[in-house]
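**Student:** only the shape, not the letters, is given here:
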């Protein structure tokens, strides 16, 4: 477990984090500090605790929106997977139908060729 000093709302905090997560923790703290600074610019000095709570609420709001977008995208993905499966089934059925039609046509051509060869007699063979 490592420790990192972060600055939030102008105050230093010593935070513990897992090994390798130091940079991420510093980035998170910088993001929160930036949000607090932005709110301070909009509302002025309305109190440190209030600014911190407002910043936390904006982060939570974005998180909830992102979660809803993820759920919507997951639903859309499942729908698209279903459509893809149906399309693949149709493609296989079409491919099978075309192959059967070609085989049937080849059989008819072969039978016609045999019939013509018998009709002509011992003459020139066709095919």
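**Tutor:** Yep, it's here. Please read these numbers as outputs of a predicted model, since none were measured by experiment.

**Student:** what about residue 15, how many neighbours?
**Tutor:** 16 (other C-beta atoms under 10 Å). Every C-beta, even on glycine, is put in place using the N, C-alpha and C of the backbone.

**Student:** now for it: which residues touch it?
**Tutor:** Each residue near residue 15 by C-beta atoms under 8 Å, 6 or more residues apart in numbering is listed here: 3, 4, 5, 6, 25, 29.

**Student:** my guess is the third one contacts residue 16. True?
**Tutor:** No. With contact taken as C-beta atoms under 8 Å, residue 5 and residue 16 are classed as non-touching, separated by 11.3 Å.

**Student:** tell me, what's touching the two both at once?
**Tutor:** What both residue 5 and residue 16 touch, as defined by C-beta under 8 Å, 6+ apart, is an empty set.

**Student:** from the chain's centroid, how far away is the longest helix anywhere in the chain?
**Tutor:** For the chain, the longest helix by residue count, based on DSSP state H, is helix 48-120. From the chain centre to the centre of helix 48-120 is a distance of 14 Å (C-alpha atoms, centre = their mean, to the nearest Å).

**Student:** next: stretch 108-122.
**Tutor:** Per C-alpha atoms, centre = their mean, the centroid offset for stretch 108-122 relative to its chain is 59 Å.

**Student:** do stretch 109-125 as well
**Tutor:** Using C-alpha atoms, centre = their mean, the offset of stretch 109-125 from its chain centre is 60 Å.

**Student:** same check on stretch 37-56?
**Tutor:** Computed by C-alpha atoms, centre = their mean, the chain-centroid distance of stretch 37-56 equals 36 Å.

**Student:** quick check: buried residues in that stretch?
**Tutor:** 39, 40, 51, 52, 54, 55 (16 or more other C-beta atoms under 10 Å).

**Student:** ok, the residues you listed vs residue 83, which is closest?
**Tutor:** Nearest to residue 83 out of the buried residues of stretch 37-56 is residue 55 (C-beta to C-beta; 41.9 Å).
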